[in-house]
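Peer 1: Turn this into a model:
(one chain, ligands or ions: 1)
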Amino acid sequence: MFSEKLLKLADESEKKLSEIFAEIDKTAFFNTQKVMSIFRENRLSDRHFNSTCGYGYNDDGRDLCDKMFAEAFGAEAGFARSQIISGTHALAIALYGILRPNDTMLSVSGKPYDTLDNVIGLGESGNNGEGSLIEYGVKYEEISLIDGKFLDYEAVRKYLERDKTVKVVFVQRSKGYGDRRTLTVNEIDKLFELVREFDGVYLVVDNCYGEFTEEREPKGDLLVGSLIKNAGGGIAETGGYIVGTKRAVELASYRLTVPGIGLEAGASMGATKPMIKGLFFAPHITAQAVKTAHFAAAMFESLGFECYPPSLERRSDIIQTIRLHNAENVLKFCAGIQKGSPVDSFVTPEGWEMPGYNDSVVMAAGAFTQGSSIELSADAPLREPYLVYLQGGLTYESGKLGILTAVSEMLG
Ligand SMILES: *Cc1c(COP(=O)(O)O)cnc(C)c1O
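Peer 2: Take a look at the predicted model:
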């Protein structure tokens, strides 16, 4: 199916990566151990998988699922719920939960992920700012990363000393669709230490795509993510999580449901087992995706394309950026990823105006779960400098297959 030359290139790439692959396996083992001891200490049992309906009061399984997600992230409290429709929804719950009129949200990793534009009220598309934080009287300010790479701790400190209206410091761990560096757990921990010096200021971390790539998760008042990315292990078919300090989680819980009810209701409708099973798989599946990312970088570097991060650099998220120079390459690359997917392998992706995104975006995804990006997928806004963002791969083997198909497609 693939040319001799391509298979040889694949072998060489894997040889180059052997040490890194061994380190990734170690991280996966460490994180699996962590999750398994949480299951054991909490005496996870068959009865926790029971489905509840209606209000869902006294749902032990749901409550335990909440608790175990919090523990897996090293947090005091938290919840993982199927009622959260996406990562953006989870982030909105966190932000609306904490911010009040006249408070300031200070983003310290530059502009947040595209889908938050309409939540904050920055977007020209979509809702014209209706229902946004800004419409509610929240102010929004931004500090850029230094050279697109590092948190500007000094600027954050100065800002917090000067402006006492800041209630939320917001940081995005992964580069997302940005042309920037992904932040490490240590860097975010250092930011949390700084933020904690200021009374009444909360650190909200967009943890999407970062989960289980390192042995610990960052510290923050709230860590937020989607269950159809790393944290759901390819098993959870919908949902999101919010974990963090007790106080911040309580505030967020009033936005998940309503004030006065918080986490005490919400029928599980059979979703508890896939969420817990997803947590079980998450360390392993994340490792598969990280290996796939390294492999893609090694392959495309050999072909002369610039990859970010470079193939031999360790990661704090699962996203691989490849600079493809023009729209034709992007479309061919995405066609290849699509062709190498288990579902919908016969379709050819095209650019479209996706709700919540401002530019035309091409997406390649042949996933079992719609939109799941822990499954092999590629996203590329059709704009300069034609970067394609590749992520996922439920198994390294299928991830590798997808990359090889993309390379074949591009080289013709
Ligand atoms: C995926 C992602 C989100 C949320 O996106 P959804 O598609 O709503 O789940 C937010 N921030 C980052 C960095 C992401 O990668």
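Peer 1: From now on I want contacts and neighbour counts done on CA atoms only, so please keep to that.
Peer 2: OK.
Peer 1: Just give me the neighbour total for the residue in the stretch 151-300 of the chain that the ligand sits nearest to.
Peer 2: Closest contact between the stretch 151-300 of the chain and the ligand, by Cα to the nearest ligand atom, is at G176 (4.2 Å). When counting by other Cα atoms under 10 Å, one arrives at 21 neighbours for G176.
Peer 1: Residues of the stretch 151-300 of the chain that sit close to the ligand?
Peer 2: Taking Cα under 6 Å from any ligand atom as the contact definition, the stretch 151-300 of the chain meets the ligand at 174, 176, 206, 208-209, 226.
Peer 1: Quick check: of those residues, which has the highest neighbour count?
Peer 2: S226 leads these on contacts (other Cα under 10 Å) with 31 neighbours.
Peer 1: and R383, which of the three is it?
Peer 2: Each residue gets one of three states, and R383 gets coil by DSSP: H, G, I helix; E, B strand; the rest coil.
Peer 1: what's near enough to touch it?
Peer 2: Listed by Cα atoms under 8 Å, 6 or more residues apart in numbering, the contact partners of R383 are D359.
Peer 1: Mind doing that once more with 10 Å?
Peer 2: The neighbours of R383, taking Cα atoms under 10 Å, 6 or more residues apart in numbering as the test, are 326-327, 359-361.
Peer 1: picking that back up, may I ask you to confirm that the residue of the stretch 151-300 of the chain closest to the ligand is in contact with Y209?
Peer 2: Yes: contact criterion Cα atoms under 10 Å: G176 and Y209 qualify, at 8.1 Å.
Peer 1: shared neighbours of the two, which are they?
Peer 2: Jointly contacting G176 and Y209 under the rule Cα under 10 Å, 6+ apart are 317-319.
Peer 1: Looking at the residues you listed, state which has the most neighbours.
Peer 2: Highest count within those by other Cα under 10 Å belongs to I318, 33 neighbours.
Peer 1: tell me the contacts of that residue?
Peer 2: Counted by Cα under 10 Å, 6+ apart, I318 has contacts 174, 176, 182, 208-213, 229-230, 286-294, 373-374, 389-393.
Peer 1: could you point out which element follows the lengthiest strand in the chain?
Peer 2: In the chain, taking DSSP state E as the definition, the longest strand is strand 166-172. Next helix or strand after strand 166-172 toward the C-terminus (DSSP states H and E): helix 185-196.
Peer 1: Would you map the helices across the stretch 301-412 of the chain?
Peer 2: Here the stretch 301-412 of the chain has its helices, by DSSP state H, counting those that start in this stretch, at 327-339, 396-411.
Peer 1: Quick check: phi and psi on the closest residue to G239 other than its chain neighbours?
Peer 2: Closest residue to G239 apart from its sequence neighbours, by Cα to Cα, 6 or more residues apart in numbering: S82 at 4.0 Å. The phi/psi pair for S82 (degrees, to the nearest 10) reads phi -80, psi -20.
Peer 1: got the contact list for S82?
Peer 2: Contacts for S82 (Cα under 10 Å, 6+ apart) come out as 227, 236-241, 266-272, 274-275.
Peer 1: Would you mind measuring from it to K277?
Peer 2: 14 Å (Cα to Cα, to the nearest Å).
Peer 1: so what sits against both of the two?
Peer 2: A236.
Peer 1: Make JSON lines from the helices of the stretch 301-412 of the chain and add mean neighbour count to it.
Peer 2: Below are those laid out as JSON lines (neighbours: other Cα atoms under 10 Å):
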{"stretch": "helix 327-339", "mean neighbour count": "24"}
{"stretch": "helix 396-411", "mean neighbour count": "20"}
